[in-house]
Every structure is written in C-alpha cells, then in structure tokens.
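Enquirer: Structure for this input, please:
(2 chains)
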Amino acid sequence: MRFGYNSMSTISLSQVSLDFPIYGANTLSLKKSLISLITGRSVQQQENSVHFIRALENVCLELSSGDTLALIGHNGAGKSTLLRVLSKIYTPSMGKVNVQGRISSLLDLNLGINSESTGYENILLSGLLRGMSRNDINAKKKGIAEFSELEDYLALPVRTYSSGMQLRLAFSIATSFSPEILLLDEVMGVGDASFMQKSRQRLSELVAQSDIVVFSSHSTELVRNFCKKALWLEKGHVKAFGLVDDVLKSYDAANSNPKAHG
Amino acid sequence: MNTNTASISSPRTFQLGPAISDLQQGLAAWRIWWALGWQDILLRYRRSQLGPLWITLSTAIMIYSMGFLYGKLFKIDLASYYPYLATGLISWTFISSVINEANEAFVENAGFIRQTCLPFSIYILRLLTRNFIIFLHNFLPVLPILIYYKLAPTALGVLYLLFGLMLLLSIGYIFGFLLAILGSRFRDMKPIVASVVQICFLITPILWQHSMLSPKFQAFTNFNPFFQLTQLIRAPLLGQIPSTLTIVYCLVLALAGLALMIVVLARSRHRIAFWV
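Expert: Residues are numbered from 1 along each chain as shown, chains lettered A, B, ... in the order given. Prediction:
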C-alpha cells in the first residue's frame, strides 16, 4: 500500500495528563490581579481564581511507521486536545511525549490564509509556514491551481472568493505538502458533491503517503475506511485502544445502550 | 484567612531548553517572519490609494509642520531644531510602535499558535521586520533635512548608526518578547502600556532638546531609557558619536533584559498556547 519507509517515524506518549487552565475574568486583568495581590484578598473568589480542567488523563500510546489511528469519542472527550499534544502545541502537565518525524497537522484548514492577500500569495506563505523553500512552492503552484479549479482567480484577493472557493483553496494548499506524520481533525472532504469526491481521493492518497496518520472523526464509515487502529476517548480517559473493528464495536454498543450514555 | 482557591495546581515548571531552542529556531526560520512582515507592509500599501508613498508622506507632513511650529514656539534656530526633531521623531516612532504592538503580538497570531507548532519568537521577529521597514520609509523625509543642513555622516558615523540600529533591534526583540508574553496573559495591558508610552513621549527629549534643560535635569534625564535608546539613532544621524554613557546604558539594558526574558520564557513558554 504505502511507499517509502525510508524514515522511521514514531509517536510515544507515556502517562500523559493535561490540565487545561480556565482563567476567571479578573485573572485576565493586570490591574485587578495587582489590586488583589496588594490587598491580599479578593471580593469574588470565583472570578479571581485559575481553575484547571483535566482534559487528558494518563494517556499512553505507541505508534510507529505504518500505523493509522482514529480518535473517536464525543465532543469534549479530548480528541482535539490530544491532537494538539501530538502537534507539540500543548505541553502536557505530566507524562512524556516523544514524536519522531516531520509533523503536518491539518487541525484548521484555514491556517495562514489571509483574506486580503491573493491566492498565489497565500500559497507562498502557507508553503513557507510548512517549512518549504520558494522553489519547492513554485513547483507546487500549478498543481494547486488545477486541483482547486481556481486557476485565474488565484491572482485575486481571497476575500473576493465565495466560501466554497476559499475552502477549495485552503484544502488544496493544506494537502499539497506531504508529511511523515499526518494529524487530521475532522477534515474529511470539503466542497460540493463533485469536489467532495475529489478531496476524499486526495486525502486517501495523502494518508497512503504518510508514515503515521492520526485523525479524529465522528463518522464510523470513514474511520473504518482509513484506519487500522482506534482510540476511544471519554472525558480525557482512554476507554479503549486496539484494532478499529473491536473498538468501534464496543463504542457502538455503549452508545446504543441508553443507560450508558456518554 | 483561609485561601479557598479550589483548583488543582499545575506543576510550576522551568524549561530552559525549549526556551533557548525557541529563540534559535525562530532566527533560523527567517523565511517565514520575513514573508509575514512583508505581507503586513504590502497589505498596508494596498489599503491606501497612495501605496508605498502613504507612510512616507504622513511622516513628512508631521516632521515639517511640527518642526516649523515648535521651532518658532521655542524660538530655536531651525538649523539645529529641524534635524534634532526629525531624527528623534522617527526613532521614537519605531520604539513606540514596537512597544505598543508587542502586547498583542501573540494574541494577534492566536490562529497560528493554536493550530501549528512554530517558535514563538517568529511573531516577535515579524513585528520587528514590519516596523523596521516602516522605519526605512520614515527615514526618507529626514534625508532632505540632513542634506540641506549639511549633516552628512562620516564613515565612523555610519558604523555607529549600524551598531545603534542592531542594538535597538535587539532591545526591541528582548522587551517586545517580554511584553508579548505579559500581554497574552493579561488582556488589559494594551491601554496601560499605551498611556505609559504617551507620557514617556512627553518626558523624553524629542520635541524639546536635551540641552534646553538645566544640568541637574540633564543628569536626571540620562536615566530615561527612552532618551538613551533614541540617542542610539539620533546621535549618529546628527553627525555626533553616541556618548559612552548611551552605549553602556543600552548594552546593560539589553543584557539585563535578555536574562529576564529567558527566565520568563522558560517559565511561561508552555502556557502561552493556553493563554491566547
């Protein structure tokens, strides 16, 4: 299936926990923080304290080249937080994260897209942000113009595009640079019916080219198509981890049982 | 008095390694911050009919009208006042914009920070690039004044100017970083900093000359960091050599600031993504 095991990518998480800080309104104010520091007490405790929410609890995970992992679970279960830990955006409060390999995270397709700049300028900037050189980017330009079907529109500012055109551009740029480790957050096909078909095709190519793929999704159909393994998160805990069919079976069973709602 | 802040405390970690490598990787990624800084300038051009002329023209109007008005008000010889004001004003514009914009450097880039793992120093370098390019635009209307009053810098003066620019940029980087971290944690920094900067403008010799003060107040003003920072650029442009005091003061400021910035970055780098 996949070609090029020339680089060995690995992901290893051991006992990773992450406390997400929630700042009360007054703690975001320098004036109010200084006043409560000087007076030594505060009137509204609730507004003045920093609270922590345990977003991930004791997550252990080992992945190596060839693995495709789906993250499943309800909204707020910690899927996106885990993807951000893997992308090294969030540093965990406890535990160790070791990621070997060039990461590309498609957490937000619109990353680096500036609506005042033209399509071509956005292609250049997005490429630079992903660590490419100008020559590499110029080589990709034509492909992006063709795939997004935007062609001449690329010389116009992005704000003049329809929302569908903007998505097509963002998707085409984001999927043009092949990474070793691909992290996807709910990104599976965009646009109208015909472009959706094309974008799914593009994604499956990208998945095939990547060493390790981790993606979060609510669609069990996509999870089955793309992934061999699955990790079921619930309130930051790992509920199940294993082969995709086994995990999905217990996940579906839990969700169909009205007593054990998530 | 019992403290009832009921929260799980996050471990207070001090991570020096990631802080240092953030600074290194940021400098190495010059392609990114250079492109982002240029993008900011290009978009500013595009928004105005005059294009690149806009920045230069507004500075020119300010320098020439203010120079004439205040020169008459203070009854100073324009040959001495015009160059002093023009060179001081463009240095001040650079310093104050870096300070004012630094508060929001991370908040503005929250989209990048939450979606991708780039060194934080990139956003500071983007801000410096943008403001340095604006500084070069602002320098154009100063040139005729320097030529008219025959203030051509010597070779040594040019060396001092380059040294001064490097030092000013480094100090901007160091303190810009500190302000950006503080500004992402405390959201009311912007108006506080803006009013402090406004007061500093009035107590720093820019509209008025240092030599107008009595010796006692001159010595006092020597402690004003904004005066010494302005002198780094103004003195060589006026054909003078910056005083030893200016150079030592700024070097000490840079080194002390760098130490503080690295400590603060090591303490807070892993938290910025949660703050923005």
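Enquirer: Okay, helices next: where are they in the stretch 1-150 of chain A?
Expert: All helices of the stretch 1-150 of chain A, identified by DSSP state H, counting those that start in this stretch, fall at A:30-39, A:45-48, A:79-86, A:119-129, A:134-148.
Enquirer: Any part of the fourth one near chain B?
Expert: Yes - Helix A:119-129 lies within reach of chain B by CB under 8 Å from any CB of the partner chain, at A:121, A:124-125, A:128-129. Every residue, glycine included, has its C-beta placed from N, CA and C.
Enquirer: what is the orientation angle of that helix with helix A:134-148?
Expert: Orientation note: helix A:119-129 sits at an angle of 130 degrees relative to helix A:134-148 (axes from the mean of the first three to the mean of the last three CA atoms, to 10 degrees).
Enquirer: tell me what helix A:119-129 is packed against?
Expert: helix A:134-148, helix A:163-174, helix B:30-47 (3 or more CB pairs under 8 Å, 6 or more residues apart in numbering or on different chains; DSSP states H and E).
Enquirer: Quick check: mean pLDDT of it?
Expert: Taken as a whole, helix A:119-129 has a mean pLDDT of 90.
Enquirer: ok, now the shortest one?
Expert: Confidence over helix A:45-48, taken as the mean pLDDT, stands at 57.
Enquirer: give the contact list for the residue in the stretch 101-250 of chain B positioned nearest to chain A.
Expert: Residue of the stretch 101-250 of chain B nearest chain A, by CB to the nearest CB: residue B:186 (3.8 Å). Residues near residue B:186 by CB atoms under 8 Å, 6 or more residues apart in numbering or on different chains: A:28-30, A:33.
Enquirer: Just want the phi and psi numbers for it.
Expert: Reported as degrees, to the nearest 10, the phi and psi values for residue B:186 are phi -110, psi 110.
Enquirer: can you count the residues close to residue B:75?
Expert: If you count neighbours by other CB atoms under 10 Å in any protein chain shown, residue B:75 ends up with 7.
Enquirer: for chain B, longest helix please?
Expert: helix B:155-185 (DSSP state H).
Enquirer: which parts of that one are buried?
Expert: B:157, B:160-161, B:164-165, B:167-185 (16 or more other CB atoms under 10 Å in any protein chain shown).
Enquirer: same thing with stretch A:227-236?
Expert: By neighbour count on 16+ other CB under 10 Å, the buried set for stretch A:227-236 is A:227, A:229-236.
Enquirer: Give the full set of residues in contact with the most centrally placed residue in chain A.
Expert: Closest residue to the average C-alpha location of chain A: residue A:107 at 3.1 Å, with CA atoms, centre = their mean. Neighbouring residues of residue A:107 by CB under 8 Å, 6+ apart: A:80, A:83-84, A:87, A:183, A:185, B:115-116.
Enquirer: Looking at neighbours, which among those is most surrounded?
Expert: Neighbour max across the contacts of residue A:107 (other CB under 10 Å) = residue A:183, 26 neighbours.
Enquirer: quick one on the thing from earlier: who touches the helix or strand just after the longest helix of chain B?
Expert: Sequence order places helix B:189-203 as the next helix or strand after helix B:155-185, per DSSP states H and E. With contacts defined as CB under 8 Å, 6+ apart, helix B:189-203 is touched by A:30-31, B:92, B:96, B:99-100, B:103-104, B:179, B:182-183, B:221, B:224, B:226.
Enquirer: go on, stretch B:266-276?
Expert: By CB under 8 Å, 6+ apart, stretch B:266-276 touches A:20-21, A:23, A:84, A:89-91, B:12-16, B:18-19, B:22, B:106-107, B:109-110, B:113-114, B:120, B:181, B:184-185.
Enquirer: next one: stretch B:241-257
Expert: So stretch B:241-257 is contacted by B:156-157, B:160, B:164, B:167-168, B:170-171, B:174-175, B:178, B:222, B:225, B:228-229, B:231-232, B:235-236 (CB under 8 Å, 6+ apart).
Enquirer: same for chain A: which of those residues are within range?
Expert: Within the contacts of stretch B:241-257, nothing lies near chain A by CB under 8 Å from any CB.
Enquirer: quick revisit: I'd like to know which of the contacts of helix B:189-203 is nearest to residue A:134.
Expert: residue B:104 (29.1 Å; CB to CB).
Enquirer: Just give the nearest non-adjacent residue to the closest one, would you?
Expert: Nearest residue to residue B:104, sequence neighbours excluded (CB to CB, 6 or more residues apart in numbering or on different chains): residue B:183, at 6.0 Å.
Enquirer: who's in contact with the one you found?
Expert: Residue B:183 touches B:102-107, B:189-190, B:193, counting by CB under 8 Å, 6+ apart.
Enquirer: would TSV of those residues with distance to residue B:64 be doable?
Expert: Putting the contacts of residue B:183 into TSV (distance: CB to CB, whole Å) gives the following:
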residue	distance to residue B:64
B:102	30
B:103	31
B:104	31
B:105	32
B:106	37
B:107	36
B:189	34
B:190	31
B:193	29
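Enquirer: Ramachandran angles for residue B:50?
Expert: phi -80, psi -10.
Enquirer: And the pLDDT for the residue lying closest to it once chain neighbours are set aside?
Expert: Distance criterion CB to CB, 6+ apart; nearest residue to residue B:50, sequence neighbours excluded, is residue B:57 at 6.4 Å. At residue B:57, the model reports a pLDDT of 90.
Enquirer: can you check the one 5 residues further on too?
Expert: On pLDDT, residue B:62 comes in at 92.
Enquirer: Please name the nearest non-neighbouring residue to whatever residue of the stretch 51-200 of chain A ends up closest to chain B.
Expert: Residue of the stretch 51-200 of chain A nearest chain B, by CB to the nearest CB: residue A:91 (3.6 Å). Nearest residue to residue A:91 in three dimensions, chain neighbours excluded: residue B:270, at 3.6 Å (CB to CB, 6+ apart).
Enquirer: for the stretch 51-200 of chain A, what are the low-confidence residue spans?
Expert: Low-confidence segments of the stretch 51-200 of chain A (pLDDT under 70): A:187-191.
Enquirer: Contact partners for residue A:103?
Expert: So residue A:103 contacts A:86-88, A:179-181, A:183, B:117 (CB under 8 Å, 6+ apart).
Enquirer: cool, and residue B:86?
Expert: Here residue B:86 is in contact with B:63, B:67, B:141-142, B:145-146 (CB under 8 Å, 6+ apart).
Enquirer: ok, residue 158 - contacts?
Expert: Went with chain A since none was named. Residue A:158 touches A:113-119, A:122, A:166, A:169, counting by CB under 8 Å, 6+ apart.
Enquirer: wrong chain, I was asking about chain B
Expert: residue B:236.
Enquirer: rewinding a little: would you list the contacts of residue A:158 in JSON lines and tack on distance to residue A:74?
Expert: What follows is the contacts of residue A:158, written out as JSON lines (distance: CB to CB, whole Å):
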{"residue": "A:113", "distance to residue A:74": "29"}
{"residue": "A:114", "distance to residue A:74": "34"}
{"residue": "A:115", "distance to residue A:74": "33"}
{"residue": "A:116", "distance to residue A:74": "38"}
{"residue": "A:117", "distance to residue A:74": "37"}
{"residue": "A:118", "distance to residue A:74": "40"}
{"residue": "A:119", "distance to residue A:74": "37"}
{"residue": "A:122", "distance to residue A:74": "34"}
{"residue": "A:166", "distance to residue A:74": "29"}
{"residue": "A:169", "distance to residue A:74": "32"}
